[in-house]
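**Student:** Sequence and predicted structure are below.
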Amino acid sequence: MHSLRFRFFAFIAALLLILLVLLNTYPLISSRDAVYEEKRSSMSAAASVVASSLAGLDRLSQDSVAEVLTFLDISGYSRILVTDRSGLVVYDDGGTAGSMTEIEDVLSALQESRTIFRSRLGESAFRSSYALPMSAQGAITGAVYLCEYDRERAEIIYGIQDRIRVLSFVIGTAALLVAGVFVLALMRRLQDLVRSMRVVAGGDYAYRHPIRGQDEISELGTEFNLLTERLETTEKQRRRFVSDASHELKTPLASIRLLSDSIVQNEMDPETVRGFASDIGHEAQRLQRTTEELLDLSRMDDGIGFVPEPSDVSRVAQDALVLLRPLAQERSVHLTQALEEGCVVMGSPDELFKIIFNLTENAIKYNVPEGSVHLTVRGTESTVEIEVADTGIGIPEEDRLNIFDRFYRVDKARSRASGGNGLGLSIVHDAVQAHGGSIAVGQNKPQGSKFIVTLPRASEEETGI
């Protein structure tokens with residue numbers, strides 16, 4: 001966390017440093033270049049005027065050149081020098097008239113017949129020079145050299161630079177302070193989020209991270225709370241599942257142990273022993289069924305799917321009804337069906353059988369004497385619906401959201417008496433989802449329950465028909 005804070009601050013400081021460097025260099029460079037161009041233009045114009053004026057003289061001399069310069073009123077230059085074509089100084093307000101010039105720019109202008117401009121910003125002034133060859137009738141007759149020291153503009157530029165430096169220092173200091181406060185506030189919020197994660201990692205799934213603001217960190221905190229809420233729900237379901245599974249397995253085992261101990265410890269006639277043995281068989285069957293259903297749920301949780309194949313739902317429903325009719329007759333329940341042909345889905349016949357069998361078996365078990373159960377299979381253009389409607393005890397409104405939870409029973413005493421363990425509807429729900437379908441529950445009229453399973457219908461390309 002300290003490393004991240006340092007990186008944030010270093011990034012902001014580096015960005016600020018780049019901006020301040022640009023602020024301190026670009027204005028100076030652009031101002032200096034603007035002065036250079038202005039000097040070039042003004043000195044070029046002045047030298048051209050001098051050269052054109054002197055070209056009309058029959059003979060270059062100190063006096064004639066001075067007279068022309070006086071007439072032209074060329075002022076503001078620290079040095080004005082005029083030479084003939086051989087480099088002999090004809091006029092120099094610096095006092096070198098009559099000697100050969102030693103200024104390289106003048107000699108280069110005479111030899112190469114070109115203008116030479118130089119300008120440099122020194123510590124206290126702009127030093128600019130301009131050398132221009134003079135010509136008459138296509139021949140070089142001499143050269144004009146102008147030199148200028150501009151302290152005023154240099155002072156202005158250096159004054160601006162000093163002000164920019166002071167302003168940069170103030171801006172930089174203020175920006176670093178603001179950046180430091182910002183980084184500390186950001187890191188504090190991230191540290192709060194990390195502390196919340198550690199609290200949840202310690203097992204306190206009821207803890208929620210306080211949300212402040214509406215930025216990305218707040219969004220991250222919201223997602224963390226949603227994840228924590230799901231973890232809390234999952235943990236509650238896990239604990240309840242372990243508790244219920246232990247209870248469901250413990251009850252038949254305790255019954256088997258009690259019955260077997262009774263047989264071993266007491267002298268019983270053969271008929272009583274057979275009754276006890278039959279009870280042990282029933283408890284073992286119940287234990288086996290619970291174990292198999294737990295294995296089915298575990299297989300679905302692990303994502304072990306099935307290879308889908310075209311399955312006729314009506315045909316699967318007929319097979320389930322064959323096995324359920326004896327139970328319906330035993331419970332005095334009228335079992336009817338309306339099975340539409342051609343209702344084909346891509347799925348597993350075994351899983352579809354579990355869906356229909358469990359829903360219809362529950363409808364029979366939790367019915368009333370002389371009640372009825374009606375199984376319907378019908379198709380639409382894109383779906384196949386399985387509807388199981390009964391006239392039984394019904395499901396209270398407050399229990400409908402929980403009936404697909406594992407080991408959940410609406411009436412625990414009645415469910416246990418009917419042999420139920422609260423896993424059947426969980427298996428149905430998971431099997432329906434594995435087929436890409438949905439299941440809904442409601443009240444049947446005038447009484448009872450109604451389950452409607454909706455599955456996607458197989459297309460002609462999938463079935464090959």
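**Tutor:** Noted; the coordinates are in hand. Note that the structure is predicted; figures quoted are calculated from it, not measured. Residues are numbered from 1 along each chain as shown.

**Student:** average model confidence for the helix or strand harbouring Gln191?
**Tutor:** Using DSSP states H and E, Gln191 falls within helix 151-201. Average pLDDT, helix 151-201: 85.

**Student:** elements contacting the next helix or strand after it?
**Tutor:** Using DSSP H and E, the helix or strand that directly follows helix 151-201 along the chain is helix 216-265. Contact here means 3 or more CB pairs under 8 Å, 6 or more residues apart in numbering; DSSP states H and E; on that basis helix 216-265 packs against helix 151-201, helix 270-301. Using the backbone N, CA and C atoms, a C-beta is placed for each residue, glycine as well.

**Student:** Could you give the average pLDDT over the shortest one?
**Tutor:** It stands for helix 270-301. Rounded mean pLDDT across helix 270-301 is 70.

**Student:** circling back: as a markdown table, the helices and strands packed on helix 216-265 with mean neighbour count and distance to Glu123 would be great.
**Tutor:** Output for the helices and strands packed on helix 216-265, formatted as a markdown table (neighbours: other CB atoms under 10 Å; distance: least, CB to CB, whole Å):
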| stretch | mean neighbour count | distance to Glu123 |
| --- | --- | --- |
| helix 151-201 | 14 | 8 |
| helix 270-301 | 14 | 82 |
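
**Student:** do you know which of those lies nearest Gly122?
**Tutor:** Of all the helices and strands packed on helix 216-265, helix 151-201 sits nearest to Gly122, with 7.2 Å by CB to CB.

**Student:** Tell me the helices and strands packed up against the closest one.
**Tutor:** Under the contact definition 3+ CB pairs under 8 Å, 6+ apart, helix 151-201 sits against helix 2-54, strand 126-136, helix 216-265.

**Student:** Give me the angle between it and helix 216-265.
**Tutor:** 10 degrees (axes from the mean of the first three to the mean of the last three CA atoms, to 10 degrees).

**Student:** Quick one: distance of helix 151-201 to the chain centre.
**Tutor:** 28 Å (CA atoms, centre = their mean, to the nearest Å).

**Student:** Please point out which parts of the helix or strand harbouring Val65 sit buried.
**Tutor:** Using DSSP H and E, Val65 maps to helix 62-72. By neighbour count with 16 or more other CB atoms under 10 Å, helix 62-72 contains the buried residues Ser64, Val65, Ala66, Val68, Leu69.

**Student:** hang on, the earlier thing: just send the helices and strands packed on helix 151-201 back as JSON lines, with distance to Pro369, mean neighbour count and mean pLDDT too.
**Tutor:** What follows is these, written out as JSON lines (distance: least, CB to CB, whole Å; neighbours: other CB atoms under 10 Å; pLDDT from 0 to 100):
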{"stretch": "helix 2-54", "distance to Pro369": "72", "mean neighbour count": "14", "mean pLDDT": "84"}
{"stretch": "strand 126-136", "distance to Pro369": "116", "mean neighbour count": "22", "mean pLDDT": "90"}
{"stretch": "helix 216-265", "distance to Pro369": "27", "mean neighbour count": "14", "mean pLDDT": "75"}
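
**Student:** Turn these into CSV, columns for distance to Leu167.
**Tutor:** Listed next are these as CSV, based on distance: least, CB to CB, whole Å:
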stretch, distance to Leu167
helix 2-54, 8
strand 126-136, 24
helix 216-265, 33
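
**Student:** Mind checking the ones you listed for the one nearest to Phe169?
**Tutor:** Minimum separation from Phe169 across the helices and strands packed on helix 151-201 (CB to CB) falls at helix 2-54, 8.7 Å.
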